Structures are given as C-alpha cells and as structure tokens.
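Asks: got a sequence here, can you model it:
(one chain, ligands or ions: 1)
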Amino acid sequence: MAVAQTMRAANDVASPNNLDAWWLPFTANRSFKQRPRMVARSKDMHFYTPEGRPILDGSAGLWCCNAGHNRDPIVQAIQAQAAELDFAPAFQFGHGKGFAVASRIADLAPGDLNHVFFCNSGSEAADTALKIALAYWNVSGQGQRTRFIGRERGYHGVGFGGISVGGIVSNRKFFGTALAADHLPHTHNRAEQGFSRGEPEWGAHLADDLERIVALHDASTIAAVIVEPMAGSTGVLPPPKGYLKRLRQLCDKLGLLLIFDEVITGFGRTGFAFAAERYGVVPDMITFAKAVNSGTVPMGGVIVRDGIHDAFMKGPEHVIELFHGYTYSGHPLACAAALATLDVYRDERLFERTRELEEPWADAMFSLQGLPNVIDIRTLGLVGAVDLAPRPDAPGQRGFEAMDRAFQDHGLMCRVTGDTLAVSPPLIISHDQIGEIVDKLGRVIRAVA
Ligand SMILES: Cc1ncc(COP(=O)(O)O)c(C=O)c1O
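Replies: Below is the predicted model of the structure:
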C-alpha cells in the first residue's frame, strides 16, 4: 500500500499514468480510460494537452469560461485574495467582497431582483430556489403549496430537488423524484421548427399547458414553475417567440412564482447579462453559477425579488430568517474572482460583443446544413447545436464518436448530448476562430458519416 501510494504520488500530475482512482462525473469512464482526453493548461481561447497540443475551446469549458481562460486580472484577483483572506464564515459573519458581488449581480438583474443568496454550483442554486419558494409560501401562511412544475427536457442539476423538476429521463429513472412535480411539454419540434435561427416562430402555445396542469391540482397547492429560458444541456432548445412572456402572464394570472434557471444563460451567453432581459420578462427568482466568475472558482446563487425577500424579514431580529446555507456560500476566492470577471465583462463589452457576433455566428453554424447526417441546426446568442442522425440501433454513438474525434483528431472541445453536438465558445472568440470551430466541426461530421 505504502509503495503504491508513493508511486501514485510520484506520477506526473500533468499526465498521471494511473487513471483508476478518479471516477469521472457524467463520463463514459471505460472508454475515457482507454483513450483519455486530457488537458493540462489553458489560456484565452485554448486548452493545451499535456503534450502541448492546442485544443480550441468550443464549449467555454462546461458553458462557464465566458471571459476565456486564465485571464490575467482574474488570476491576479484570486491570487491576491488567497493571500489576504482565504476563508470567511458566512453564517452570522460577512466580508466586503461578498456584499460587493451581490450588489453588482443585483445591478445586472432586471426589475426588483435585488437580493442574492450564494451557494457553490448550479445544482445548489436550483435546490436553493426551490427551498426559498417553499419557505416563502410558508412564511406567507400558504404552507400547503408544495408542488412544483418543471418542463420535459429541463436540466436543473443533480440535487434531489433539481432532478424532480428536471425532465431528463436517466436522472429521474435512477434516483427517483423527491419532490412532487409535474412537467410542461418541452418546446422542441423538428417538423415545425427545423433549421430555425434564434427563437423559433412555432411553439408559444405550449406554455398554455400550464393552465391544464394547474387545473388538475389547483393553484393553491403549487409553489413555483421553473424553466431554463433556453434549455442547454438537453441539446440547445431556444424558446419559441413569445413563449416566456406567455409563461409569465399565466404565472401572474394563476398566482404562481416563476423561476428562471440561468445557470447557462446568465452572464452574456445570449448577449445580455441574463436571458430574462433579452426576453423582457422579470421572473421571481433567477438561478446562476458557472460564468459568474468565468468558471474559475465554484460559485452559484439565487437572485430574489424584493417581495419574496421582504416576506422573510419579520419576527424577532435575533432569529435566523432562512434555515439554509453552505459553508462555502460567498467564499472569498469565488467573490474576488467574480468581481474581477464582472469587470472584464464590462470593460471588454463582452455581452454587447455577443450580440454583435450572433448573426455571423449563426451564418457560420448554418453553413453546416447539408453535410451528411445533419438533421437540424439551432443557434441563439453564442450557442449552437447540430443534431446528427443517430446510427441505427446505436443512439448516441455517432455523437460520442464526433466529440471524441473533435478532441483527438481536430483539436476542438465541444459538448455532446445523445447525437447533438453543442458549441458555446468563450465570448472573447474572434471571427477567425468562429470559422475555425465550424471548419473543424465540418471535418468531424464528415468523419463520422
Ligand atoms: C440550467 C442548469 N441548471 C443547473 C445546472 C447544474 O450546475 P452544476 O453542474 O454547477 O451543479 C446546469 C449545468 O449545466 C444547468 O445547465
């Protein structure tokens, strides 16, 4: 044992020769360990393999590195923070950068979304929002409101709350559903929307299903509706035109809270700080994570409207108002990284830049139409997806092979969901690099024909 440990410790950390111990998340582990896709370094638009081969980052890591990689101001902020205040408890204590980040985020959010509750990931953000909804109805004298409404093909992370409201079969099948939840229909229909850029024309009426679901249970039993403005993880599903406004109107009519899960869409991905702004809708809560600090230090949170926050601020002042929180809520390193990242977004006008790039990006992605097995393409902001026809009797195999070949043979990182390839590069991408991504994707698509 001691010898094995010594050998393991002696491994080069950049390219360890023992891949046994790390059980990788959301990964085909056996396949990975036969043909590893390893990275050792990153800068701006690229990862580098341990051998130094550049990999163009077509996915902003995991939809999170919106400012690009290892940006000097962000690196320096994290380093300086580690030397100044490495940790500070957020239960009954506070620190300046936590309050500063909360204010900056509240300023970016629309309407009276003015209060930020910090956690460490998108999953925690989703579960936190659901808990705030339950607790809000409790403190408002309507504790019987315990049901939630999510959406088919929704992804809200891997907590027991998130998988209950989420609409991903494998998550629900294996882990059960802890919360009572019904689901709106998903909004993707290839026959009606195939190859549409941005928000498809067809599908706003799908929001009307909310009335049918609510009629089954009565609105007085329902706590909240939760949707991603654009479903990302299940294959990039832009919302149909008018759909989100319709959902807001129905929630108002039925007296339900509306939660937008903006873990992917937050901080510039659709050309705005939040997709809520793009769609002119003020939800009651917004969840965020990932790009809040460009993926550098784990951080997530929930932005809450005045009315919900204020409902908790009553009773004896020595009593904790919300029994919820995480040891690392508002971690000083995450906050320092977030402040530096928000400065980069502002100073480099990265959200506006994304709006400017939206059309050329869509033009480039749509040039893949007509390649073998391409059965649909969708784009929104700096996001694109290509659906490939599944191989007979092997759904997901063509997509998996494309993702692997993109990395191994063409130096491109992209995401795969089933047979859908998704790309969402850092917002600093150049026009040439857009061309490069699409060129590499084209070669990969031909290679897996
Ligand atoms: C919309 C949405 N919510 C929640 C999550 C979960 O985030 P995390 O992996 O940080 O827990 C994700 C992750 O992709 C997501 O896309």
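
Asks: now do the contacts for the residue nearest to residue 357 when sequence neighbours are not counted.
Replies: The shortest distance from residue 357 to any non-neighbouring residue, by Cβ to Cβ, 6 or more residues apart in numbering, is to residue 382 (6.1 Å). The way it works is simple: take the backbone N, C-alpha and C, and place the C-beta from them, glycine included. By Cβ atoms under 8 Å, 6 or more residues apart in numbering, the contact list for residue 382 reads 268-269, 271, 354, 357-358, 361, 424-425, 427, 429.

Asks: and residue 382, how far from the ligand?
Replies: Using Cβ to the nearest ligand atom, to the nearest Å, one obtains 15 Å as the distance from residue 382 to the ligand.

Asks: for the stretch 1-150 of the chain, give me the ranges with low pLDDT.
Replies: Judged by pLDDT under 70, the stretch 1-150 of the chain has its weakly predicted residues at 1-16.

Asks: if we use 80, what do you get?
Replies: Residues of the stretch 1-150 of the chain meeting the criterion pLDDT under 80: 1-17.

Asks: spell out which parts of it neighbour the ligand.
Replies: Residues of the stretch 1-150 of the chain found near the ligand (Cβ under 6 Å from any ligand atom) are 121-123, 126.

Asks: by neighbour count, which of these wins?
Replies: residue 126 (33 neighbours; other Cβ atoms under 10 Å).

Asks: pretty sure that one contacts residue 155?
Replies: No. In this structure residue 126 lies outside contact range of residue 155 using Cβ atoms under 8 Å: 9.1 Å.

Asks: are there residues contacting both of those two? Which ones?
Replies: Counting by Cβ under 8 Å, 6+ apart, the common neighbours of residue 126 and residue 155 are residue 162.

Asks: residue 379 should be in a strand, yeah?
Replies: Yes. The assignment for residue 379 is a strand, going by DSSP: H, G, I helix; E, B strand; the rest coil.

Asks: and the gap between it and the ligand?
Replies: For residue 379, the distance to the ligand equals 18 Å [Cβ to the nearest ligand atom].

Asks: residue contacts, the nearest residue in space to that residue that is not next to it in sequence?
Replies: Nearest non-adjacent residue to residue 379, counting by Cβ to Cβ, 6+ apart: residue 362, 4.2 Å away. By Cβ under 8 Å, 6+ apart, residue 362 lies in contact with 197-198, 379, 384.

Asks: buried ones in the helix or strand encompassing residue 310?
Replies: If you go by DSSP states H and E, residue 310 is part of helix 306-312. Of the residues in helix 306-312, 308-309, 312 count as buried by neighbour count, 16 or more other Cβ atoms under 10 Å.

Asks: what segments of the stretch 101-250 of the chain are strands?
Replies: Per DSSP state E, counting those that start in this stretch, the stretch 101-250 of the chain carries strands over the ranges 113-119, 147-151, 181-184, 222-227.

Asks: show me what the shortest one packs onto, helices and strands only.
Replies: Helices and strands touching strand 181-184, by 3 or more Cβ pairs under 8 Å, 6 or more residues apart in numbering; DSSP states H and E, are strand 147-151, helix 160-165, helix 209-217.

Asks: export those to CSV and append columns for mean neighbour count.
Replies: Rendered in CSV, the data for the helices and strands packed on strand 181-184 read as follows (neighbours: other Cβ atoms under 10 Å):
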stretch, mean neighbour count
strand 147-151, 25
helix 160-165, 25
helix 209-217, 15
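
Asks: can you list those in TSV and add distance to residue 72?
Replies: Below are these laid out as TSV (distance: least, Cβ to Cβ, whole Å):
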stretch	distance to residue 72
strand 147-151	40
helix 160-165	35
helix 209-217	47
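
Asks: looking at these, which is closest to residue 333?
Replies: If you check each of those against residue 333 by Cβ to Cβ, helix 160-165 wins as the nearest, at 24.8 Å.

Asks: residues making contact with that closest one?
Replies: Residues from elsewhere that reach helix 160-165 (Cβ under 8 Å, 6+ apart): 123, 126-127, 130-131, 148-150, 154-157, 171-172, 175, 177-181, 183, 226.

Asks: list only buried entries from these.
Replies: When the contacts of helix 160-165 are checked for burial by 16+ other Cβ under 10 Å, the buried set is 123, 126-127, 130-131, 148-150, 154-157, 171, 177, 179, 181, 183, 226.
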